[in-house]
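Undergrad: I'll drop the sequence and a predicted model, then ask my questions.
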Amino acid sequence: QLQASGGGLVQAGGSLRLSCAASGFRFDAYAVGWFRQAPGKEREFVAEISRGAGGTSYADSVRGRFTISRDNAKNTVYVQMNELKPEDTAVYYCAARSPGSREYTYWGRGTKVTVSS
């Protein structure tokens, strides 16, 4: 299971850190990604971190503002979100996939982020 937390209401230019806590599977063997879905829009990729944290990737829209990290000892992945914009408003989800697969096996419930202008 995955559980995302840390969402909330923040003003534009502010920061939030989301957490994704895992249980019930070998977390350190999986890459973990963050996705988001804004009202009326399709879900989109935000960022991903490899199982060993040696590799990260970001959507163009968040690169330079968001930083993904993980603590395998705590079975947790984080995304630090800085310089938030109203267009970052969405429900954020975390998901885990085996490195050998393109499909995400585990999905968590989302956490809502609202950025006011």
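TA: Yep, it's here.

Undergrad: just want the most central residue of the chain.
TA: The chain has W34 as the residue nearest its centroid, 2.8 Å off, counting by C-alpha atoms, centre = their mean.

Undergrad: is it fair to say that one lies in a helix?
TA: No - using DSSP: H, G, I helix; E, B strand; the rest coil, the assignment for W34 is strand, not a helix.

Undergrad: beta partners of it?
TA: Note on W34: beta-bridge partners by DSSP bridges are A47, C94.

Undergrad: residues in contact with the least confident helix or strand in the chain by mean pLDDT?
TA: Every helix and strand of the chain was ranked by mean pLDDT, DSSP states H and E. The lowest is strand 106-107, at a mean of 94. Identification of contacts with strand 106-107 by C-beta atoms under 8 Å, 6 or more residues apart in numbering yields 1-2, 22, 25, 30, 93-96. C-beta coordinates here come from the backbone N, C-alpha and C atoms, glycine included.

Undergrad: I'm done for today, thanks for sticking with me.
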